[in-house]
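>>> return atomic coordinates for the entry below.
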Amino acid sequence: MIDYGELERAAREDLKHHPMFLLRYAELDGPDPTDTDCRFMSLGWAQYNQRDASLKILRHTGDRWSRQSEELPLHRVIDGTILLVEAMRSLDRDGHEYHLNDIKVDADTFSNQDRELYITAGHESPDAFARQLTAPTLLGRLATLRRKLNRLFESGLIK
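Modelled structure (predicted):
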């Protein structure tokens with residue numbers, strides 16, 4: 001039996017990637033969540049540049065954190081984008097500054113999710129992380145994604 005509380009503590013304290021939002025992902029992991037080594041999805045400070053926000057998939061074999069954490073099945077890419085959008089939706093604006101808040105994820109957002117989820121925001125430079133989430137480059141990439149998704153919707157490929 002996996003002790004998710006202990007794994008969550010280790011993910012927050014022992015890894016070089018520093019989570020700001022740590023989603024317990026194993027039971028939400030796509031088509032077969034009973035057979036996954038993906039324990040968490042993290043939106044946080046990058047492992048190799050602590051000034052950059054990043055998404056990391058935290059895979060655990062049962063004995064150790066996997067070095068294969070960077071390879072992503074496509075459904076995890078989409079789920080990571082959803083986590084990013086939910087983090088951005090959690091922001092409060094005060095004048096020209098944004099502030100990070102906890103995330104509430106509606107039921108049925110992720111696969112196999114039958115109830116609301118709450119994700120507590122991390123405490124390591126939250127205002128700086130909020131600035132990363134509202135950086136013009138990121139907002140521009142999301143605008144491009146929106147245009148591309150609208151085209152798929154208009155073509156009838158997605159409903």
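>>> relative to Asp32, how far out is His60?
Distance of His60 to Asp32, given as CB to CB, to the nearest Å: 17 Å. Quick note: C-beta positions are derived from backbone N, CA and C, even for glycine.
>>> who has more neighbours out of those two?
Neighbour totals were compared for His60 and Asp32, and His60 leads with 20 against 9 (other CB atoms under 10 Å).
>>> list phi and psi for that one.
Backbone geometry at His60, expressed as degrees, to the nearest 10, gives phi -130, psi 130.
>>> contacting residues for Gly140?
Residues near Gly140 by CB atoms under 8 Å, 6 or more residues apart in numbering: none.
>>> distance of it from Glu86?
Going from Gly140 to Glu86 by CB to CB gives 20 Å.
>>> spatially nearest residue to Asp108 (excluding sequence neighbours)?
Leaving aside its sequence neighbours, Asp108 sits nearest to Asp114 (CB to CB, 6 or more residues apart in numbering; 7.4 Å).
>>> hang on, that neighbour in a helix?
No: per DSSP: H, G, I helix; E, B strand; the rest coil, Asp114 lies outside any helix segment and is coil.
>>> pLDDT value on it, please?
Model confidence at Asp114, given as pLDDT, is 94.
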